[in-house]
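>>> after the sequence you'll find the predicted model.
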Amino acid sequence: MPRYEFRCRTCDDTFEVSRPMAESSAPADCPAGHADTVKLLSAVAVGGSNSGAPAPAMGGGGGGCCGGGGCG
C-alpha cells in the first residue's frame, strides 16, 4: 500500500499515512490531532543502479539519414 507524507501547518510535524491510491488526496489529521495538514510531494526512486555516469547517447556517433551527413 502506498505511503503519503503530510506536514501539519499547526505544529510543523511531518508524518506518513499508508492508504490506497484511491484515497491519496483525502485529508489526514496529524498525530497530535490537528486537521490543518498539507500533502507533500515525494521523490520516487525507479529501479536499477546509478553509477553516476551519464546515459550513453543513441545512434553511436553520427552517420545515416538525419544523423550527420549525406541526406539528399
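Thanks, I have it.

>>> poorly predicted segments of this structure, please.
44-72 (pLDDT under 70).

>>> show me the strands in it, by range?
Applying DSSP state E to the chain gives strands spanning 3-8, 14-18, 37-39.

>>> now those strands in JSON lines, with mean neighbour count and distance to C30?
Yep, even glycine has a C-beta here, placed from its N, CA and C like the rest. JSON lines is the format used below for these (neighbours: other Cβ atoms under 10 Å; distance: least, Cβ to Cβ, whole Å):
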{"stretch": "strand 3-8", "mean neighbour count": "16", "distance to C30": "4"}
{"stretch": "strand 14-18", "mean neighbour count": "13", "distance to C30": "6"}
{"stretch": "strand 37-39", "mean neighbour count": "15", "distance to C30": "6"}
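
>>> can you redo those as a markdown table with distance to A28?
Formatted as a markdown table, those follow (distance: least, Cβ to Cβ, whole Å):
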| stretch | distance to A28 |
| --- | --- |
| strand 3-8 | 5 |
| strand 14-18 | 5 |
| strand 37-39 | 6 |
